[in-house]
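S.K.: model the following, please.
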Amino acid sequence: MDDVLQVAADHVQRNIPCALCTVVRTSGSVPRHAGSKMLVDANGHILSGTVGGGEMENRVATLAQSAIREGKPTLTAYQLANPQDGDPGICGGTAEVFIEPLLTSPTLLIVGAGHVGRALIHLAKWAGYYVILTDDRPELCAPSVCPGADEYLPGALRETLAHIALNRLAYVALVTRSYPIDIEAIPLLLQSPVSYIGVIGSRRRWLATAQELSARGISDADLQRIHSPIGIEIGAETPEEIAISILAEIIMVRSGR
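M.R.: The predicted structure is shown next:
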């Protein structure tokens, strides 16, 4: 158990989502008893520990993956009696497993290391977000140019997304230099369950972007997920003011307003 908790603590410290699965109640013959723990990552891989192995453990790992994605704990019960009836075992007992997603700070992914991106890093860190900066220009996506982020991932977004766990506690601000970059990025981001995707630019720029995305097969329902022009309308002009309007909109989405 100590190993499971140590691995869990390490993931939380590095802001990597995972789920702690604990057997909380059993009766009859079962492979593991109350208190047994297992840690699962966002891809459903078992990182440490066990709740009994076999099909039951596979099902728990799958539920853990969903719990991480949804950001909600769940309690599940298993009858281990008759596999022909769909039971995950034949031991004869029952087991209840509590699955708790371990999610730390909300993540803000900033795509674009320009003036607004730099201002947004500072403001988001002050507000308690785990900040990731990515840009296809390595010379700009660096602490010396844009100080304060938790992670710097220079390169094409299609490649850097493989290193980011995007769940419902993740928010994305596309503050890029041109709409062709947005056209390539948005379909990739729409495949994730992030709670917010904001795109900087004028209404005319977003109209051109939306028309091109529609021509590429992006549905109207998916386009409705996009906040553009990004941020709450407060008459912002400077990069710092724009960053305030963006973070205000993200806070509004987080609070369900």
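S.K.: contacts and neighbour counts: CA atoms only from here.
M.R.: Fine.
S.K.: and stretch 214-233, what's its mean pLDDT?
M.R.: The pLDDT scores in stretch 214-233 average 93.
S.K.: list the buried residues of the helix or strand hosting Tyr152.
M.R.: For Tyr152, the host element (DSSP states H and E) is strand 151-154. For strand 151-154, the neighbour count (16 or more other C-alpha atoms under 10 Å) marks Glu151, Tyr152, Leu153, Pro154 as buried.
S.K.: which one of the residues you listed is nearest Leu169?
M.R.: Glu151 (16.6 Å; C-alpha to C-alpha).
S.K.: so which residue is smack in the middle of the protein?
M.R.: For the chain, the residue sitting closest to the mean C-alpha position, by C-alpha atoms, centre = their mean, is Asn167 at 2.2 Å.
S.K.: do I have it right that that residue meets Leu190?
M.R.: No - counting by C-alpha atoms under 8 Å, Leu190 is not a contact partner of Asn167; they are 11.6 Å apart.
S.K.: list the contacts of the residue nearest to the centre of the chain.
M.R.: Taking C-alpha atoms under 8 Å, 6 or more residues apart in numbering, we find Asn167 in contact with Ile68, Arg69, Glu70, Gly71, Ser192, Pro193, Val194, Ser195.
S.K.: and the third one, what pLDDT?
M.R.: Among the per-residue scores, Glu70 shows a pLDDT of 81.
S.K.: burial of Leu174, as a residue count?
M.R.: For Leu174, the neighbour count with other C-alpha atoms under 10 Å is 24.
S.K.: residue contacts, it?
M.R.: Going by C-alpha under 8 Å, 6+ apart, the list of residues near Leu174 reads Ile110, Val111, Gly112, Asp182, Ile197, Gly198, Val199, Ile200.
S.K.: dump those to CSV, plus pLDDT.
M.R.: Output for these, formatted as CSV (pLDDT from 0 to 100):
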residue, pLDDT
Ile110, 97
Val111, 96
Gly112, 95
Asp182, 90
Ile197, 96
Gly198, 96
Val199, 95
Ile200, 95
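S.K.: looking at those residues, which are in helices?
M.R.: Of those, the ones assigned to helices by DSSP state H are Asp182.
S.K.: burial count for Ile68?
M.R.: Ile68: 27 neighbours (other C-alpha under 10 Å).
S.K.: what residues are up against it?
M.R.: Pro17, Cys18, Ala19, Ala42, Pro101, Leu102, Leu103, Asn167.
S.K.: quick check: closest non-adjacent residue to the first one.
M.R.: Closest residue to Pro17 in three dimensions, ignoring its sequence neighbours and counting by C-alpha to C-alpha, 6 or more residues apart in numbering: Leu103, at 5.2 Å.
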